[in-house]
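> This is a predicted model, with the sequence first.
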Amino acid sequence: MTPDPSPAPETSVTGSPVVHVLREQPEDLFWRGAAVVGLFFLAVLAGLFIGVPAWLMIAFGNPWLLFTLIPVAAGVLLLVKTVDLLRRGAWHARHRSTCTLHEAGIETTEWSTVGADAPVRRSIPWADVASVVASYRIVRRIVLVQNGGGALTESAPVLHVLFDQDGRRQITSVPFSSHQDPAVDTWITELRKHGVELGYTARALSWRGETCLSTEAQLGYFATTEEVVPFPVTGGWLENAVRLENRWHQHAEQLRDQPPAEGSPRTR
């Protein structure tokens, strides 16, 4: 079960009506099964690396068999890695982040650090929100062994919320389960309702369960980039996704082709 830490202090955001609660979703049953099979295979392989050389040494007692200690060392390292993967997977299964959309702002409960005793809690009133940038997050990459190889990337929408608190710019992300998730439009509609500046970038800045770029790197990107394009004032995510990506790539090409303007982030 997900731990139930002590509740966050009551704020103006907490007390306002809830519009939507977004809970981090577990992996699909297929991928959970694949992970179990993969971990079992690694454990068996580690057992063979350790067990076979040990059996040979005990059965024959030949000093020349000392070279088999090399696979034993590899097996120990593989076993340690397998246990670490199992521990991380079990921790993520018990700790699910949530993002709550209120009429007065956004609240998050973020379990982002493996082994943390308590989540990071944020309460962000609309007055603190500087902008929100829609983008993609990488859910998984599948390496293809047929049809010429390559990789198949599965993505999902994410909203990067830039806000100002404690005298500095901060960032948090609202990840959705898939492009077909109707909650994306619920959040976009509420953001428009409160006059939040909406933008879009086609750069994937985060992976499922962990960041691809550190928080500092994400803040640095948004502070210096000119790639972000405005999100349309009408229409939902699926209606605008393809059009936005084409517009973003055209804009990025124009930025590459033209010299940076005086005072732009690219000249600093």
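Looks like it arrived, so ask away. Only a predicted model underlies this, so the values are computations on that prediction, with no experimental measurement involved. Residues are numbered from 1 along each chain as shown.
> Please count neighbours and contacts with C-alpha atoms only from this point.
Will do.
> residues contacting the nearest residue to Pro71 once chain neighbours are set aside?
Setting aside the residues directly before and after it, Pro71 is nearest to Phe49 in space (CA to CA, 6 or more residues apart in numbering), at 5.3 Å. Applying CA atoms under 8 Å, 6 or more residues apart in numbering to Phe49 gives the contacts Pro71, Val72, Ala74, Gly75.
> can you tell me the average pLDDT over the host helix or strand of the last one?
Put plainly, it is Gly75. Using DSSP states H and E, Gly75 sits within helix 69-94. In this model, helix 69-94 carries a mean pLDDT of 79.
> Repeat that for stretch 250-267.
Rounded mean pLDDT across stretch 250-267 is 73.
> likewise stretch 39-51?
pLDDT averaged over stretch 39-51 gives 82.
> And for stretch 199-218?
81.
> Enumerate every residue touching Ala134.
Ala134 sits next to Pro157, Val158, Leu159, His160, Leu198, Gly199, Tyr200, Thr201, Phe231 when contact means CA under 8 Å, 6+ apart.
> Leaving out sequence neighbours, find the closest residue to the third one.
Counting by CA to CA, 6+ apart, Ala134 is the residue found nearest to Leu159 once chain neighbours are left out, at 4.5 Å.
> Sticking with the one you found, tell me its helix or strand.
Per DSSP H and E, Ala134 falls inside strand 129-143.
> ok, now Val52?
With DSSP H and E as the test, Val52 turns up in helix 29-60.
> Next, the angle helix 69-94 makes with that helix.
If you take axes from the mean of the first three to the mean of the last three CA atoms, to 10 degrees, helix 29-60 sits at 150 degrees to helix 69-94.
> residues of helix 29-60 that come out buried?
Neighbour-count burial for helix 29-60 flags Ala35, Leu39, Leu42, Ala43, Ala46, Gly47, Phe49, Ile50, Pro53, Ala54, Met57 (criterion: 16 or more other CA atoms under 10 Å).
> Understood, closing this out.
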